[in-house]
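Participant: Structure, please.
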Amino acid sequence: MAVTEFSAGGVVVNGDREIVVIVPTRRAADGSRVLALPKGHPDGSESSAEAALREVREEAGVEAEIVGPLGEVRYWYQRGGRRIAKVVEFFLLRYVSGDVGDHDHEVEHARWVPAAEAVKTLTYAGERDMVREALSRIERGL
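Facilitator: Residues are numbered from 1 along each chain as shown. From the prediction side, this is the model:
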């Protein structure tokens with residue numbers, strides 16, 4: 001029987017159309033570094049949106065506000081010989097304040113990158129898709 005995990009995350013955009021990206025201390029299955037969007041599991045009774053804002057604050061050191069939902073990324077991975085279905089709900093977030101240097105211990109570093117660069121350099125295709133969707137919404141004024 002497959003286990004399902006849920007997380008929430010954010011595409012944080014600043015006024016220069018830069019996106020917050022992180023390099024988590026946890027490596028990919030092949031041992032390589034990962035360039036990712038901040039995300040994580042909800043705590044207790046947190047909503048997806050609350051979890052996304054908290055994870056952005058913890059992993060990227062910035063405060064943000066929700067603009068709206070972006071969509072979900074779904075994938076499978078293996079842990080301890082078990083197959084796990086993962087669902088990550090992403091939100092478009094607007095940067096409010098804070099410093100990317102103020103991240104927690106789960107992250108090697110966080111930084112701002114131009115959105116067009118994030119679309120090319122994020123490790124996971126689903127996260128690159130979320131940045132594309134965020135850019136599309138920004139361009140349409142949504």
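Participant: When you work out contacts or count neighbours from here on, use the C-alpha atoms and nothing else.
Facilitator: Will do.
Participant: Beyond the worst-scoring helix or strand of the chain on mean pLDDT, next helix or strand please.
Facilitator: Every helix and strand in the chain was compared by mean pLDDT, DSSP states H and E; the lowest is strand 18-24, with a mean of 90. Downstream of strand 18-24, the next assigned helix or strand under DSSP states H and E is strand 39-40.
Participant: So which residues of the protein form helices?
Facilitator: 48-60, 115-121, 125-139 (DSSP state H).
Participant: Distance check, residue 67 against residue 86.
Facilitator: 24 Å (CA to CA, to the nearest Å).
Participant: Can you verify my assumption that residue 22 contacts residue 107?
Facilitator: Yes - under the criterion of CA atoms under 8 Å, residue 22 makes contact with residue 107 at 6.6 Å.
Participant: Could you check which of these two is surrounded by more residues?
Facilitator: In this view residue 22 and residue 107 are compared by other CA atoms under 10 Å, and residue 22 has more residues nearby, 25 against 16.
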